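>>> Predicted model follows, preceded by the sequence.
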Amino acid sequence: MSNPLLENYDLAPFRSIKPEHIKPAIEQSLNEFKQAIIALLEDQKDPTWESLMQPLEQFGNTLDKRWSPVSHMNSVVNSDELRKAYDECLPLLSEYSTWIGQNQELFQAVKKLDEKKAQLNLDEVQIKILKDELRDFKLAGVSLPDDKKKRYGEIQKRLSELSSKYEQNILDATMSWSKHFADENALAGLPESALGLAKQNAQADDKSGFLINLEFPCYYAVMTYANDQNLREEVYRAYSTRASELSDEGKFNNAPLMDEILSLRHELALLLGFNHFGELSLASKMAESTDQVLEFLLDLAKKSKPQAEKELVELSDFAKENLSLDSLNAWDVLYAGEKLKEHRYAVSQEQLRPYFPVNKVLEGLFKITETLFSVTIKETQQDFDKWHESARLFEVYDANEDLTARFYIDLFARANKRGGAWMADYCSRFRFDDGHLQKPVAFLTCNFNPPIENKPALLTHDEVVTLFHEFGHGLHHMLTKVEYLSASGIHGVEWDAVELPSQFMENFCYEDEGLNKISGHYETGEPLPSELREKLQRAKNFQSAMFMVRQLEFSLFDFRIHAEYSTDSNVDIQKTLNDVRQEVAVVIPPDWNRFQNSFSHIFAGGYSAGYYSYKWAEVLSADAFSKFEEEGIFDPATGLAFKENILEKGGSEPAMNLFKKFRGREPDVEPLLRHSGIQA
């Protein structure tokens, strides 16, 4: 039987990939690469880039192109069969990664090449890659004795399995809850778009009436608009206890997984000579120490919390006087906040939604990108292989009209699709040894309301911001000029700098020129009226300090559970979260809230002991955008400078060097506070 994953394809053959293809393809690939590396090392007495690193990067590129479609499908069209095949591959990939990282012969060959870098006239990017490689060998335990190497491999394999199971539990718990309504009276307050989605959900489940579930568009609509406080509490409880002992009879409980993940991460850090996992995490980031991260977060909290407390008092007073809510519960905050925002600014997300049909937003996003960075974006008109009918494919052309990158988008929430929004790389810009240049391809995934009945998909302004954010990640991946796999696009970029382009792009969603490009009423084409635009801009920093301390709560919780874990006294996850909330939060959830059980960023994503990166990089992005404010929002020279110094460079230089080349100085926190409307 031929296996589509083993064929030499350009874009992945999604329609042909079946669960039964996955494990055999990955097993065969890993065996082939192992044998090829063993053969390669037999002739490395005098290594060169071409004899050693180039073939290694080509093996890595081939594996990426075979695994990334599988990983993507597992996230967006999950099924029991696909999940089983995916899970069976995780230990194989972990073992292979450990075998590479602990290969003493390979380490010595890379070290020898690094020692000859001057003699071989290696360029600055190659030198940076070698430096990062040697660091990563050490972080993979290459210098450990054999028994500890073995334990390292066991830990990594188990962590891979636990992270996958954690994510699956969230998906299963999310899918397991729904509530049916015969008519819309019980859903009073929900806007037309949310009712249409609930009706569509019911029809998909062969029911009449309305069905709400815990997919984010549905959950958010109920929490923001439902007049029935009891319904809000019920949905909030279901959502905030997902994957815990308090829901589904504990069937999808993530608590034991979290304890084991923290224990294994701590053991891993000790094996490698660090005091805790926080230190291990920082070994490959911009931040230099645990103290620096904690001081950064606590300083922001000190500057933000007084205003956040004032915002909460204002919200509580408003809710008491206007909504008959004597006490403000966690399930009342979004609802009361939306009412206060409407009262104060006479604008709501639902009022804005008709002006942001998805195709108009995409058109405007592309125009902004084209103006800033001298590229052209076109949707492919040819049929292409897709995993779902709503997937779309676009092409990016440079100023010479040469194809430079492509990207898929999959924007709408549906069953068996992981929640949230993200950018993932399918393949990277890479020059093969025969001279062929592979162009980057990205996946851009969101979970917005799908088109309902005869209307196009209409986005809230918050969703527009999310789309711009993920597209910023995509630009970082796609506009790179680096042709080495290890430093191309987002590869080799310090994790606490990787959010710079994404958060930078969000700013254009609030500027007059940007709003004129991305808005157009779905029926008339009329751009967002000046009155509504001004209200939106005035409301931009509504409760911004409350949002700031919420993000700082997540960041401090994440860093503390990793930095405070010790072999003698395991961290009490709930107690640590409670302590952090007492220190920086202004809205304290009920005791039964189990937010941590679905915090996939740190337990199943790449942000463990690194969630602070969002705020760290936001300092960079706000300061970078302040240069555009000084020179002109669409100033071509400033756009070119950002493209040349940030987007094109990928991981070819330390992020701080690149930022200083663009900004002419080190980053300043003032623009972040100013953009957030926070008086320091």
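Ah, there it is. What you see is a predicted model, and the numbers here were worked out from it, not measured in a lab.
>>> how's this structure carved up into domains?
Split into domains by automatic domain parsing, the chain comes to 4-101+103-139, 177-250, 255-347+544-611, 354-538+615-675.
>>> ok now the first one, how far from the chain's centre?
The one in question is domain 4-101+103-139. Relative to the centre of its chain, domain 4-101+103-139 is centred 23 Å away, using Cα atoms, centre = their mean, to the nearest Å.
>>> Centre-most residue in the protein?
Trp422 (4.4 Å; Cα atoms, centre = their mean).
>>> For it, list each beta-bridge partner.
Thr445 (DSSP bridges).
>>> Distance check, it against Glu161.
Going from Trp422 to Glu161 by Cβ to Cβ, to the nearest Å gives 21 Å. Backbone N, C-alpha and C define where each C-beta goes, glycine included.
>>> same thing with Gln381?
Remark: distance between Gln381 and Glu161 (Cβ to Cβ) = 43 Å.
>>> ok, those two, which is more surrounded?
More crowded of Gln381 and Glu161, by other Cβ atoms under 10 Å: Glu161, with 15 against 8.
>>> Wait, the residue nearest to the centre of the chain touches His469, no?
No - assessed by Cβ atoms under 8 Å, Trp422 is found out of contact with His469, at 9.9 Å.
>>> from what I can see Ile646 touches Ala624, true?
Yes - the pair Ile646 and Ala624 qualifies as a contact (Cβ under 8 Å) at a distance of 7.4 Å.
>>> Any buried residues in stretch 259-269, and which?
Buried positions in stretch 259-269, judged by neighbour count with 16 or more other Cβ atoms under 10 Å: Ile261, Leu262, Leu264, Arg265, His266, Glu267, Leu268, Ala269.
>>> And stretch 456-466, by the same measure?
By 16+ other Cβ under 10 Å, the buried positions in stretch 456-466 come out as Ala457, Leu458, Leu459, Thr460, His461, Glu463, Val464, Val465, Thr466.
>>> Can you show me the CA trace of it as CSV?
Extracted C-alpha coordinates of stretch 456-466, given in CSV (Å, rounded to 0.1, in the frame of the first residue of the first chain):
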residue,chain,number,x,y,z
PRO,A,456,-21.4,35.9,5.7
ALA,A,457,-19.2,35.3,8.8
LEU,A,458,-19.2,38.5,10.8
LEU,A,459,-16.4,39.2,13.3
THR,A,460,-16.4,41.2,16.5
HIS,A,461,-13.6,43.7,16.7
ASP,A,462,-12.0,41.6,19.4
GLU,A,463,-11.9,38.7,16.8
VAL,A,464,-10.4,41.1,14.2
VAL,A,465,-7.6,41.8,16.7
THR,A,466,-7.1,38.1,17.2
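>>> Contacts made by it with the rest, please.
In this structure, residues lying in contact with stretch 456-466 by Cβ atoms under 8 Å, 6 or more residues apart in numbering are 193, 349-350, 352-354, 356-359, 361, 411-412, 421, 446, 448-451, 467, 506, 509, 518, 522, 536.
>>> From the residues you listed, which land in helices?
Among those, the ones falling in helices (DSSP state H) are Ser193, Gln349, Glu350, Leu352, Val358, Asn359, Val361, Leu467, Glu506, Ile518, Leu536.
>>> Format those as CSV; extra columns: distance to Ser281.
Conversion of these to CSV gives the following (distance: Cβ to Cβ, whole Å):
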residue, distance to Ser281
Ser193, 40
Gln349, 35
Glu350, 40
Leu352, 38
Val358, 37
Asn359, 40
Val361, 35
Leu467, 29
Glu506, 25
Ile518, 36
Leu536, 37
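>>> and the two most separated of these?
Ser193 and Glu506 (22.6 Å; Cβ to Cβ).
>>> Stretch 358-371: how far from the chain's middle?
Using Cα atoms, centre = their mean, the offset of stretch 358-371 from its chain centre is 21 Å.
>>> Tabulate the CA atom coordinates of it in PDB.
C-alpha atoms of stretch 358-371 as PDB (Å, rounded to 0.1, in the frame of the first residue of the first chain):
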ATOM      1  CA  VAL A 358     -14.600  38.200   7.300                       C
ATOM      2  CA  ASN A 359     -13.700  38.800   3.700                       C
ATOM      3  CA  LYS A 360     -13.600  42.500   4.100                       C
ATOM      4  CA  VAL A 361     -11.400  42.100   7.200                       C
ATOM      5  CA  LEU A 362      -9.000  39.800   5.300                       C
ATOM      6  CA  GLU A 363      -8.900  42.200   2.300                       C
ATOM      7  CA  GLY A 364      -8.000  45.100   4.700                       C
ATOM      8  CA  LEU A 365      -5.500  43.100   6.600                       C
ATOM      9  CA  PHE A 366      -3.800  42.200   3.300                       C
ATOM     10  CA  LYS A 367      -3.800  45.800   2.100                       C
ATOM     11  CA  ILE A 368      -2.200  46.900   5.400                       C
ATOM     12  CA  THR A 369       0.400  44.200   5.000                       C
ATOM     13  CA  GLU A 370       1.100  45.100   1.400                       C
ATOM     14  CA  THR A 371       1.500  48.800   2.200                       C
END
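>>> Touching that stretch from outside, list them.
Contacts for stretch 358-371 (Cβ under 8 Å, 6+ apart): 375-377, 409, 411, 448, 456-459, 464, 467-468, 471, 475, 508, 514, 517-520, 522, 634, 636, 639.
>>> Now do the contacts for Asp425.
Residues in contact with Asp425 (Cβ under 8 Å, 6+ apart) are Asp64, Ser68, Pro440, Val441, Ala442, Phe443, His477, Gly489, Ile490.
>>> tell me which residues in the lengthiest strand in the chain are buried?
Longest strand of the chain, by residue count under DSSP state E: strand 403-412. Within strand 403-412, the residues scored as buried using 16+ other Cβ under 10 Å are Thr404, Ala405, Arg406, Phe407, Tyr408, Ile409, Asp410, Leu411, Phe412.
>>> quick one: low-confidence ranges for this structure?
Applying pLDDT under 70 to the chain picks out residues 1, 680.
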